[in-house]
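Asks: Everything below, folded, please.
(2 chains)
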Amino acid sequence: MSCRLFLLLLLGAVAGCSRGVDKTELPDVYRFISGNVKQEVTINADGNYLNAFYRNGMLVWSDQWRWEYEEHAGEFGVTFTNFRFGIAGHSDAPGYWFVVPEKTLAGVKKFCFDSDLNRCFDTRQ
Amino acid sequence: MTYDWATGQGADNRVFGPGSIQVTDMMDAPGVNGARDLFYKKNAAALASGNYDSLQSVTNYSAKFGLTELFTTSSPTQQFVGSYRVDVLTVNGGADLQFVVTNNSSFQSFGYGVAPAWERSSFGPAGNMRQTYTWTEPRKP
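Replies: Coordinates of the predicted model:
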């Protein structure tokens, strides 16, 4: 418990350096790559997003739905409609995915989907 | 479970179903309530019109475990689980909701993201130990 508390306090200090992301900054291409798979989410300013999943560089599936920026449970974030994951360990059933975007000090924007393993879609090229 | 995780003993993947103490502990966890609220908020129009075929699930709802939760959570299951993900799926033609709570107890999550993670097959102690907590509840009218 005390070890976790120390780590939490330390990380809280570091996390204070990260920032939120305004709605106008959201449009961009966000990627997650692991081994031979890649999932790419392209957010467009018109309220649509493109979700594409690749294996070995080949497109496996893609679809396009809507996103909106809204408040939920006291936090502002993005709700994707009919979002599906191609990444193992995550439900591939389409649904509402609410996520709070983050931005690093280096300006990399990200949508994290696995806080246990710190896995995120991000704008690194 | 904390002992099993720390020592690398027991099953790598554990599933807890309805009626278990662990599921009872998780059913009203803050993140579960957040996912449930999101489901009803986003599907309000479909529910009001009785269009149950168009109900949409909630996927990968992220529940974080920070300083506030560390000091305010009395549930031993929630203390062990820490951060987790919630899926809310419509089943039985939209009459019921299936909740699936997923957690990976890893050294990385123990270290709030800055420590490494590894599979138990490579080194047992503090290796990734996955849990799934699942139950079904009637959808509210």
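
Asks: can I assume residue B:12 is in contact with residue B:131?
Replies: No. With contacts defined as CB atoms under 8 Å, residue B:12 does not count as touching residue B:131, sitting 10.1 Å away. Using the backbone N, CA and C atoms, a C-beta is placed for each residue, glycine as well.

Asks: quick one: the strands in chain B?
Replies: Using DSSP state E, the strands of chain B run over B:13-16, B:57-63, B:84-91, B:96-105, B:129-138.

Asks: Tell me where chain B is predicted with low confidence.
Replies: Counting by pLDDT under 70, the ranges of chain B that qualify are B:112-113.

Asks: so how far is residue A:119 from the residue positioned nearest the centre of it?
Replies: Centroid-nearest residue in chain B: residue B:101, 2.3 Å away (criterion: CA atoms, centre = their mean). Per CB to CB, to the nearest Å, residue B:101 is found 18 Å from residue A:119.

Asks: quick revisit: looking at residue B:12 and residue B:131, which is more packed in?
Replies: Using other CB atoms under 10 Å in any protein chain shown as the criterion, residue B:12 and residue B:131 rank with residue B:131 on top: 22 against 13.

Asks: who's the more buried one bridged to?
Replies: On DSSP bridges, the residues paired with residue B:131 through beta bridges are residue B:14, residue B:103.

Asks: and if you look at residue A:98?
Replies: Here residue A:98 sits in beta bridges with residue A:79, going by DSSP bridges.

Asks: neighbours of it, just the number please.
Replies: Residue A:98 has 24 neighbours, counted by other CB under 10 Å.

Asks: ok, the strand ranked longest in chain A: who's next to it in the sheet?
Replies: As assigned by DSSP E, the longest strand anywhere in chain A is strand A:58-72. In the sheet, strand A:58-72 lines up against strand A:48-55 (antiparallel), strand A:75-83 (antiparallel) (DSSP bridges).

Asks: picking up where we left off before, nearest spatial neighbour of the residue nearest to the centre of chain B, skipping sequence neighbours?
Replies: residue B:133 (4.1 Å; CB to CB, 6 or more residues apart in numbering or on different chains).

Asks: Quick one: residues contacting the one you found.
Replies: Contacts for residue B:133 (CB atoms under 8 Å, 6 or more residues apart in numbering or on different chains) come out as B:15, B:16, B:20, B:22, B:23, B:26, B:99, B:100, B:101, B:103.

Asks: again, only using 10 Å
Replies: Residues in contact with residue B:133 (CB atoms under 10 Å, 6 or more residues apart in numbering or on different chains) are B:14-18, B:20, B:22-27, B:29, B:32, B:77, B:81, B:84, B:86, B:99-103.

Asks: what's the answer for residue B:47, then?
Replies: Shown in contact with residue B:47 (CB under 10 Å, 6+ apart): B:39, B:40, B:54, B:55, B:94, B:139, B:140, B:141.
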